[in-house]
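Chemist: test case, fold it:
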Amino acid sequence: MGITGLHHITLVSANAQRTVDFYTQVLGLRLVKKTVNFDDPSSYHLYFGNQTGTPGSAITFFEWRGAMKGFPGIGGTHHFAMRVRDYEGLLKWKRRLTDRGMAVDGPLDRHYFTSIYFKDPDGVILEIASEGPGFAVDESPEALGREYREPPEAMMIRNRDEARIQAETWPEPVPTITEDMALRAGMHHISAIGANIERTNAFFGDVLGLRLVKRTSNFDDPTSAHWYWGTGNGEPGTLITYFERRPSKTRRVQMGAGQTHHYAFAVPDDETQLEFRDKLIEAGLRVSPVLDRVYFKSIYTNDPDGHIVELATAGPGFLVDEPEAELGQYLRLPPWLESQRDQIEPILTPITVQPWKLPEGAR
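Modeler: This next block holds a predicted model:
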């Protein structure tokens, strides 16, 4: 077996409480683990996700308290997308967010799905994308990714109709997150920025074994290539996408608040992870030793532009050190840091976490 999909994305927050409030109270995710950065125990590492934080649902943050704002660029992530079942769910999210005074772009037709865009308190670009119609809408499943697919002109015209887009929203307030709009399925895709799309394709295809499922252009900038890799036929939750940007016109990423530290793919077990480590070494790429992250094991490498890419095991998961009912309520430390709890806890700013509830109508 190989990569099964996305595992998590890790970003930088300048204020842990503000991040907790946004991702739990606004987006309805659960804080499934409150711990520290194992490589820097003076800072929080917060994990958000679905009910138990299954791989692919996990959105995590390092708190770099008071960090300067970062900027996207080559070697960094542009945005990440969470998924919702359908267009109706997108409209509910738009209404919920705009009623809170947030700026929302869309819904925009992305041909393979429909999306809205907004930002979190640190400026992370967030997307919520519908699950369909999928990549076979303009080529057969057997032929996915073999040829360039030009963005449809009718779609481009539709996305320029600002008055129509502005008017499309849910007719009533959405104070409560309901089951049909919940983000429990996790991420839809992650979009990063590279300088050479063919070189990026060699990394994801030849080295990591992902399937190129679509060659197209950035719908907002048709001069920029936009390619998608995933598993199967490019199912939501397996997708990594890259915009190709010219180094002469696009600066490199500047790390800071609102930027991605790394993203991770899921592998099923330790054996598969070790096979990938050997393959990365054989390809002449930097790769870390296997590191114990308690909730999974990890190896780290870099894409051709330097973005940190992690391969993480599916388990043992977030229930390994606390019961489901207590997830995210208490500070959890790895065994090798437990003896330092008295030194670590006073450094961290206390966080208030509201009780988490299943979406309305969920079972």
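Chemist: any regions of the stretch 51-200 of the chain where pLDDT drops low?
Modeler: Across the stretch 51-200 of the chain, nothing is flagged by pLDDT under 70.
Chemist: which parts of it are strands?
Modeler: Counting by DSSP state E, counting those that start in this stretch, the stretch 51-200 of the chain has strands at residues 58-63, 77-84, 105-109, 114-119, 125-130, 187-194.
Chemist: now for those strands, which one comes closest to residue 28?
Modeler: Using CB to CB as the measure, strand 77-84 is the one of the strands of the stretch 51-200 of the chain that comes nearest residue 28, at 10.5 Å. Bear in mind the C-beta positions are built from the backbone N, C-alpha and C, glycine included.
Chemist: who are the packing partners of that closest one?
Modeler: strand 125-130, strand 187-194, strand 260-267 (3 or more CB pairs under 8 Å, 6 or more residues apart in numbering; DSSP states H and E).
Chemist: now distance to residue 320 and mean neighbour count too, for the strands of the stretch 51-200 of the chain, in JSON lines please.
Modeler: Putting the strands of the stretch 51-200 of the chain into JSON lines (distance: least, CB to CB, whole Å; neighbours: other CB atoms under 10 Å) gives the following:
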{"stretch": "strand 58-63", "distance to residue 320": "14", "mean neighbour count": "24"}
{"stretch": "strand 77-84", "distance to residue 320": "25", "mean neighbour count": "22"}
{"stretch": "strand 105-109", "distance to residue 320": "39", "mean neighbour count": "20"}
{"stretch": "strand 114-119", "distance to residue 320": "33", "mean neighbour count": "20"}
{"stretch": "strand 125-130", "distance to residue 320": "29", "mean neighbour count": "22"}
{"stretch": "strand 187-194", "distance to residue 320": "22", "mean neighbour count": "24"}
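Chemist: how far away is residue 215 from residue 152?
Modeler: 15 Å (CB to CB, to the nearest Å).
Chemist: for residue 339, same thing?
Modeler: Distance, residue 339 to residue 152, by CB to CB: 60 Å.
Chemist: out of those two, which sits in the more crowded spot?
Modeler: Neighbours per residue, other CB atoms under 10 Å: of residue 339 and residue 152, the larger number sits with residue 152, 15 against 9.
Chemist: wait, doesn't that one sit right on residue 111?
Modeler: Yes - if you go by CB atoms under 8 Å, residue 152 and residue 111 touch, sitting 6.2 Å apart.
Chemist: and for these two, which residues touch both?
Modeler: Residues within reach of residue 152 and of residue 111 at once, by CB atoms under 8 Å, 6 or more residues apart in numbering, are residue 138.
Chemist: got the strands of the stretch 51-200 of the chain as CSV, with distance to residue 224 columns?
Modeler: Listed next are these as CSV, based on distance: least, CB to CB, whole Å:
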stretch, distance to residue 224
strand 58-63, 26
strand 77-84, 11
strand 105-109, 16
strand 114-119, 17
strand 125-130, 16
strand 187-194, 9
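Chemist: nearest to residue 177, of those?
Modeler: Nearest of the strands of the stretch 51-200 of the chain to residue 177, taken as CB to CB: strand 77-84 at 10.5 Å.
Chemist: what angle separates the closest one from strand 125-130?
Modeler: 30 degrees (axes from the mean of the first three to the mean of the last three CA atoms, to 10 degrees).
Chemist: ok, residues contacting strand 77-84?
Modeler: 9, 27, 59, 72, 90, 93, 115, 117, 124-131, 181-183, 185-193, 236-237, 243, 253, 259-260, 263, 307.
Chemist: just for the stretch 251-363 of the chain, where's the confidence low?
Modeler: For the stretch 251-363 of the chain (pLDDT under 70), the answer is 363.
Chemist: where along it do the helices fall?
Modeler: Listed in chain order, the helices of the stretch 251-363 of the chain (DSSP state H, counting those that start in this stretch) span 270-282, 341-344.
Chemist: tell me the most buried of those helices?
Modeler: helix 270-282 (a mean of 15; mean count of other CB atoms under 10 Å).
Chemist: quick one: residue 361 from residue 178, how far?
Modeler: 5 Å.
Chemist: which of the helices of the stretch 251-363 of the chain sits closest to residue 173?
Modeler: Nearest to residue 173, of all the helices of the stretch 251-363 of the chain, is helix 341-344, at 42.2 Å by CB to CB.
Chemist: what's the spacing between residue 116 and residue 240?
Modeler: With distances taken as CB to CB, residue 116 is found 21 Å from residue 240.
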